[in-house]
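J.: Just the structure for this:
(chains A, B, C and D)
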Number of protein chains: 2
Amino acid sequence: MSVQNGLSRRERQILDILFKHGRATAAVVHADLPDRPSNSAVRAHLRTLEEKGHVKHEAEDLRYVYSPVVQPAKARKSALRHLVETFFEGSPAKAAAALLDSNAARLSDDDLDRLSSLIDKARKEGR
Amino acid sequence: MSVQNGLSRRERQILDILFKHGRATAAVVHADLPDRPSNSAVRAHLRTLEEKGHVKHEAEDLRYVYSPVVQPAKARKSALRHLVETFFEGSPAKAAAALLDSNAARLSDDDLDRLSSLIDKARKEGR
DNA sequence: GACGATGTGTTAGTTTTCTAGCAGGTTGTC
DNA sequence: GACAACCTGCTAGAAAACTAACACATCGTC
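T.: Numbers count the residues shown, from 1 in each chain, chains lettered A, B, ... in the order given. Model (predicted):
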């Protein structure tokens, strides 16, 4: 169903790091992982993820660079839906409000303009 | 570190359902769980979650009603931060934009007004 | 009181996750 | 060539997750 099913805790963590970085070597993934597992364990998991089809690797001067197979956009969307569903009663507006509310200080003018125009657009479509 | 660490896949699923419902009996959790595990397994997991301190139960005419121990608000915040971090390069604005963009049709006028005022507020604070 | 439906607790066993350790291959330096 | 410093693959075993099955309690109905 969801993109994130069938994955163990570690696999999920690793996949998240790959989404975050776009592409990364085993060493980078390892460095980003909480509670520092062994490097060997990380590589094993990456291989498993590849077997399961969630990840692919390219050889790049002697090391492997891993990247997610699922389109980031798709994974994003799925993650958003899941979050909205479990924490915001299915209301994207509530989720968006929470985002803006707790992070207002960190929004640039450009960001605000873009959001405004999105809201205007929604207004027009709503009529 | 994060609220969602140290949990297995199933435990995470169960906890998400509790967040979604607020409070729920073992049977409800069971019904909402994908790939239908045994009822007994669900109860065992709930007990484990309680041991770990993520969940509490109250006896309510003969059955147990479970609810998350962590403040929903806190869990929400943590989940949002994680999502923004892994999928939106740490930019809440990008996340909010994605929410509005793909769900414009589902926003009510009230929602839009609320969002607008949040944006205005951010504008003022930004100066 | 006997029965079924529905709830819980606990146990024991399987399956999956997770890991360290070893073997081997390439590159660069001495 | 020997060595260190990287990297990969693989394997066996420990640890944790996951589960079914059984035992027992309560309630309502016959």
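J.: which ones are touching residue A:55?
T.: Shown in contact with residue A:55 (Cβ atoms under 8 Å, 6 or more residues apart in numbering or on different chains): A:15, A:18, A:46, A:49, A:66, A:67, A:68, A:69. C-beta coordinates here come from the backbone N, C-alpha and C atoms, glycine included.
J.: With respect to pLDDT, which of the residues you listed ranks lowest?
T.: Across the contacts of residue A:55, the member with the lowest pLDDT is residue A:69, scoring 88.
J.: any idea how far residue B:61 is from that residue?
T.: Residue A:69 sits 49 Å away from residue B:61, taking Cβ to Cβ, to the nearest Å as the criterion.
J.: And for residue A:13?
T.: The separation that residue A:13 has from residue B:61, given Cβ to Cβ, amounts to 41 Å.
J.: now the angle from the lengthiest helix in chain A to helix B:109-126?
T.: For chain A, the longest helix by residue count, based on DSSP state H, is helix A:109-126. Orientation note: helix A:109-126 sits at an angle of 170 degrees relative to helix B:109-126 (axes from the mean of the first three to the mean of the last three Cα atoms, to 10 degrees).
J.: Single out the residue in chain A that lies closest to DNA strand C.
T.: residue A:38 (2.0 Å; Cβ to the nearest atom of the strand).
J.: What confidence value was assigned to that residue?
T.: Model confidence at residue A:38, given as pLDDT, is 90.
J.: Next: residue A:52.
T.: Per-residue confidence at residue A:52 stands at 87 (pLDDT).
J.: and what of residue A:71?
T.: pLDDT for residue A:71: 77.
J.: Quick check: the gap between it and residue A:77.
T.: For residue A:71, the distance to residue A:77 - Cβ to Cβ - is 9 Å.
J.: shaky segments in chain A?
T.: Under the criterion pLDDT under 70, the flagged ranges of chain A are A:1-5, A:103-105, A:126-127.
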